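Trainee: Any chance you could fold what I've pasted below:
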Amino acid sequence: MLLPLYGWPQDPGLVFTERRADLRRHAGEISFPGGRRDDTDADLQATALREAEEEIGLDPAQVKIGEALPPTRTFVTNYVVHPFVGYVPHPQELDLKPNPTEVETVLTFSLELLREGYEMRRLVRRGVPIHTPTYEVEGHLIWGATARILSDFLERVG
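Mentor: Numbering: from 1, shown residues only. I've put the predicted structure just below:
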């Protein structure tokens, strides 16, 4: 998984995807670009770059990989996510195009807006009650593993 970070350090923000509502897993959720490792991927960092290119058209040559964040497990599907921070140009300078088979839209939020939208909530997903950090920004709810990864990231950057 890639956390595409733009505008660092003056006016930082992150790029997210809104997944299509008709997908089998994590439908309609807000997430960072990412997915499963392919046999052809040299490592998990290569997976993050490949998936970001496939999902939003982010050219790997425009990404400077930074810190690897701790692996995080998803609640419902039990995946282990390996997040990497990737420094990217401002989205206005990128030619980002959502992959229509996976991504409904590409979203960008400043770190300031994300921090303002933070709230711990109790959610029920597929009958499973969870107490998790959430971020509500511009009508979009970020929760679950994405929110936990985001919380960890925001703690690290201060």
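Trainee: Where do the helices of the chain begin and end?
Mentor: If you assign secondary structure with DSSP state H, the helices in the chain sit at 44-56, 111-116, 144-157.
Trainee: Can you tell me which of these is nearest to residue 37?
Mentor: Closest of those to residue 37 is helix 44-56, at 4.4 Å (criterion: Cβ to Cβ). C-beta here means a position set from N, CA and C on the backbone, and glycine is covered the same way.
Trainee: contacting residues around the residue positioned nearest the centre of the chain?
Mentor: Against the mean C-alpha coordinate of the chain, by Cα atoms, centre = their mean, the closest residue is residue 32 at 1.6 Å. When contacts are counted by Cβ atoms under 8 Å, 6 or more residues apart in numbering, residue 32 is found next to 1-4, 14-17, 83, 146, 149.
Trainee: where along this protein do the strands fall?
Mentor: 2-6, 13-19, 30-31, 64-68, 72-73, 80-81, 84-88, 103-110, 118-125, 128-137, 140-142 (DSSP state E).
Trainee: neighbouring strands for the first one, and are they parallel or not?
Mentor: Looking at strand 2-6 with DSSP bridges, its paired strands and their directions are strand 13-19 (antiparallel), strand 84-88 (parallel).
Trainee: on that earlier part again, go through the helices of the chain and name the closest to residue 70.
Mentor: helix 144-157 (6.6 Å).
Trainee: tilt between the closest one and strand 13-19?
Mentor: Angle between the axes of helix 144-157 and strand 13-19 is 180 degrees (criterion: axes from the mean of the first three to the mean of the last three Cα atoms, to 10 degrees).
Trainee: Would you mark the buried spots in helix 144-157?
Mentor: Of the residues in helix 144-157, those buried under the neighbour-count criterion (16 or more other Cβ atoms under 10 Å) are 144-151, 153-154.
Trainee: Likewise for stretch 82-95?
Mentor: Of all the residues in stretch 82-95, those buried under the rule 16+ other Cβ under 10 Å are 82-88, 91, 94.
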